[in-house]
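Peer 1: From the sequence below, what's the structure:
(chains A and B)
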Amino acid sequence: MARLYEYLSKKLLQEGGIRIPDGGVASTPSEARQIAEQVKKPVVLKIQVWLTGRAGLGGIKFAESPQQAEAIAKQMLGMKVKNFIIEKVLVEERLNIKSEYFAGLVIDDSKKCPLLIFSSAGGTGVEEIARSHPEKISQIPIDILRGLKEYEVRNLIRKTGISGKLLLRLSDTLTKFYMIARRYDARSAEINPLVVTEEGLVYAADCHLTIDDYAAFRHPELGIEVAREFDRPPTELEKIAYQVEESDYRGTFYFFQMAEEIPEEEPYIGFNGAGGGGSMMSMDAVLSKGFKLANYCDTSGNPAASKVYRAAKIILSQPHIKGYFASGSGVASQEQYHSARGLVKAFREENLAIPGVIRLGGNFEEEAAEILATYLKDIPAKVEGYGRNDSPEFCAQRLEELIEENSRHSHRVKPMMEPSLPEDCYSFKTLTGELAIDHQKCPRCKTKGCIEACKAEILKLEDGKPVLAVSPGEAEKGKCTECLACEIFCSFHEQNAIFIRLPIPGLKEYRERIIEEGERS
Amino acid sequence: MAILADGRSRVCIQGITGREGMVRTRLMKDYGTNVVAGVTPGKGGVEVYGVPVFDSMEEAVEKTGQIDISVVFVPAHLVKSAALEAIAAGVNLLVLVPDRVPIFDVLEISNFAKEKSARFVGPNTLGLVSPGKAVLGMIGGRAERAREWFRPGDIGVSSRSGGMTSAIAYYLTEAGFGQSTIIHVGGDAVVGLSSPEVMELFEQDNQTKMVVMFGEIGTTQEERVAALIEQKNFTKPLIAFVGGRAAKSGTRFSHAGAIVEGSRGSYESKVKRLKEAGVHVVDSVSDIPEMAKEIRNSLGGQ
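Peer 2: Predicted coordinates:
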């Protein structure tokens, strides 16, 4: 779930008509001073992280003067809290708090509706209050089509013992709160504390909105880089992977890194699962062998070969891994030859030197195993293919043995390379890339096997050379399924005349940096 | 009997002309599912594997008659519109295959379905199969594989993981156990028919004598299954596996979630509740066939 920082959450509240403390967000100490000067009151400074309990981490401090605000901001900016480097602090007026409340919104999976929650006791430890004083907590299911009515909110708050003007002010705020959460597809939201000041005004003193990953596309203005469940900001490689996922709707590609660093002496492996349940089972199998996971990756839902190729290239951008382990449920409904070809193209390009155990069980597993066995003969690494009758435990055992045989050799990240092709090379665009054929090499070809390899039947022979049998527009719109079969056939059996360019924006530069860092250390 | 689908139900496929729609239409037809129509707005008039394609659900019903089930293969952001259209056209069961459907869209579909007494499986589901009768969705991949992996019998299978749905059924088949219906309820937090609702359907089904459930961490589904058993609303033998033991429990971000759910949702909570309710909880998926044998033997001895 995509988390929003407090300052951004508050901005959305303000736009929706809820009062927030006067102030602003600062990225430098002098900005913090300027904000404090404008506020003209004592201020509070709050580090911007996706964590609760910031006060205990030294992340919330008070300043009496702009100078003091600047000094505190200087300490806070750049400090490391759990996995975060602090880049922003929120500088706000200190409120004269009279009382604190809690407002929250969650989605109830059993009732299948949003649930609005109010507590007449807010602030820290609100879960504890919920247990010890259930009478202070009130909740109401929301009819999503009819919307939330203000009288419902008044009843919600009334039940916690609040009446009079305060009841009206709080119900106005909560009604707006739901509308804002709904407008931005919030998966969960909370204002804690919701504050009433000595002056009798209602303020959202702290707020967190979490946006539904699957609806983030509707809200480009929120600037969500990676709409995934993270408890830290995404890494560079995760951002690159997310772009791949976003730009190809065919199947799922989920990638995150599990190690901050991959020391050469430790037994890390690159992990490529398929499907949540099968991936978890497979991870358990490799972990029980004493391996560590450099990353988690899931390529499932019948991804195109090109998507699996990109996943493998990203996994293999992690230095020092000792092996590549791919395994899902074992009885997959997806067409496993796509995954096999994606891995083959990536492994051949990398000239892979660490062992791989690839368990592509299920639909078309025999074809998948044959593709791996045939086309990975001439790379340095030993790659073994397995199917539904081979357990994850057995496959993890094989990986362990192969890594031993390979003397625990570490993976070296290589620069992204492309074959040099003649400038006037025959080419056409595909859904996510470009297919080029060097026709000068075709006269030496005896089999013309690319035509037969193309199951989508978009290639035909013209003067003994493969050309498009459909219009370039059709090929680009997806008639070319990017199954990679023509390129793999041609590179292994024939003249190596076909190259499918599948760009991964940012990966070239990323690898250059990794290589440079490796050389320096 | 099986649940939800048999060979007679009249089935429509929304998004039939897309990549997945076409491949899975073939799977369903080859397997024997009674596919009577397809819908892709703007592509009315063509045929896909002999199935006539219409511009709207209403037109499909006008031209072919009542449609019982619609299997949806449209892109995620169009799922809500397709589902509401199908429900409005009188369809009473939807299978929503796509992943990444916005959660508020699912809530809207749920609301409208309730109003019209329709039900839905998914989103983010491989679908379901009643072996020997019908496939809905993409489970099995191809008809010949679906026939090989899944055999008719008396064990119901319900799973929150797509791949594990097929895997469990396949391992049961290998061990000599057939299945009544195999269903992937969908991987999302909010799904149409969740595990407890599937248990209620299996309870009413005469063919089903025993059920296997693959649970996962998160949501309240497994806890609700336990409650169902304690209320005697589900009385058949149940074997369960809960995935996600190794998942680290991260910093809880939402107080609101903690207020509503308490400790529900965790691996420990689910296993504890299921065991208290007398469910046969196994530690490994590979133990399922053996457990089924034990239960079968004890039932036979009665």
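Peer 1: ok, now how distant is the residue sitting nearest the centre point of chain A from residue A:245?
Peer 2: For chain A, the residue nearest the mean C-alpha position is residue A:228 (4.1 Å; Cα atoms, centre = their mean). Distance, residue A:228 to residue A:245, using Cβ to Cβ, to the nearest Å: 9 Å. Placement of C-beta: from N, CA and C, glycine included.
Peer 1: shared neighbours, the two?
Peer 2: The contact sets of residue A:228 and residue A:245 overlap at residue A:254 (Cβ atoms under 8 Å, 6 or more residues apart in numbering or on different chains).
Peer 1: all strands of the stretch 101-250 of chain B, in order?
Peer 2: Secondary structure of the stretch 101-250 of chain B (DSSP state E, counting those that start in this stretch): strands located at B:119-121, B:127-130, B:134-137, B:152-159, B:179-184, B:210-216, B:238-243.
Peer 1: got TSV for those, with mean pLDDT and distance to residue B:290 too?
Peer 2: Output for the strands of the stretch 101-250 of chain B, formatted as TSV (pLDDT from 0 to 100; distance: least, Cβ to Cβ, whole Å):
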stretch	mean pLDDT	distance to residue B:290
strand B:119-121	98	29
strand B:127-130	96	24
strand B:134-137	96	28
strand B:152-159	96	14
strand B:179-184	97	17
strand B:210-216	94	12
strand B:238-243	93	10
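Peer 1: Okay, strands next: where are they in the stretch 101-250 of chain A?
Peer 2: A:113-119, A:137-141, A:186-197, A:202-204, A:207-211.
Peer 1: about what we covered before: closest one to chain A among the strands of the stretch 101-250 of chain B?
Peer 2: strand B:238-243 (5.1 Å; Cβ to the nearest Cβ).
Peer 1: And for that closest one, what's in contact with it?
Peer 2: Contacts for strand B:238-243 (Cβ under 8 Å, 6+ apart): A:276-277, A:280-281, B:160-161, B:164, B:199, B:210-217, B:222, B:225, B:229, B:267, B:270-271, B:274, B:279-285, B:288, B:291-292, B:295.
Peer 1: which of those residues count as buried?
Peer 2: A:276-277, A:280-281, B:160-161, B:164, B:199, B:210-217, B:222, B:225, B:229, B:267, B:270-271, B:274, B:279-282, B:285, B:288, B:291-292, B:295 (16 or more other Cβ atoms under 10 Å in any protein chain shown).
Peer 1: just checking, which of those residues belong to helices?
Peer 2: Among the buried ones among the contacts of strand B:238-243, the residues falling in helices (DSSP state H) are A:276-277, A:280-281, B:164, B:199, B:222, B:225, B:229, B:267, B:270-271, B:274, B:288, B:291-292, B:295.
Peer 1: gap between the residue nearest to residue A:437 when sequence neighbours are not counted and chain B?
Peer 2: In space, and not counting its chain neighbours, residue A:437 is closest to residue A:426: 4.7 Å by Cβ to Cβ, 6 or more residues apart in numbering or on different chains. As judged by Cβ to the nearest Cβ, to the nearest Å, residue A:426 and chain B stand 26 Å apart.
Peer 1: so what's residue A:426 scoring on pLDDT?
Peer 2: We have a pLDDT of 96 for residue A:426.
Peer 1: do the same with residue B:28
Peer 2: Reported pLDDT for residue B:28: 96.
Peer 1: Give the helix, strand or coil label for it.
Peer 2: Here residue B:28 is helix, with the state taken from DSSP: H, G, I helix; E, B strand; the rest coil.
Peer 1: close enough to count as contact, it and residue B:71?
Peer 2: Yes - counting by Cβ atoms under 8 Å, residue B:28 does reach residue B:71; the two are 7.3 Å apart.
Peer 1: Give the residue spans of the chain that score low on pLDDT.
Peer 2: Here I'm looking at chain A. Along chain A, segments meeting pLDDT under 70 span A:1, A:229.
Peer 1: wrong one, chain B
Peer 2: Ranges of chain B meeting pLDDT under 70: B:1, B:246-263, B:301-302.
Peer 1: and the end-to-end length of stretch A:86-106?
Peer 2: End-to-end distance for stretch A:86-106, by Cα to Cα, to the nearest Å: 28 Å.
Peer 1: so who does the closest residue to residue B:91 other than its chain neighbours touch?
Peer 2: Distance criterion Cβ to Cβ, 6+ apart; nearest residue to residue B:91, sequence neighbours excluded, is residue B:70 at 4.7 Å. Shown in contact with residue B:70 (Cβ under 8 Å, 6+ apart): B:11-14, B:57, B:82, B:86, B:91, B:93-95.
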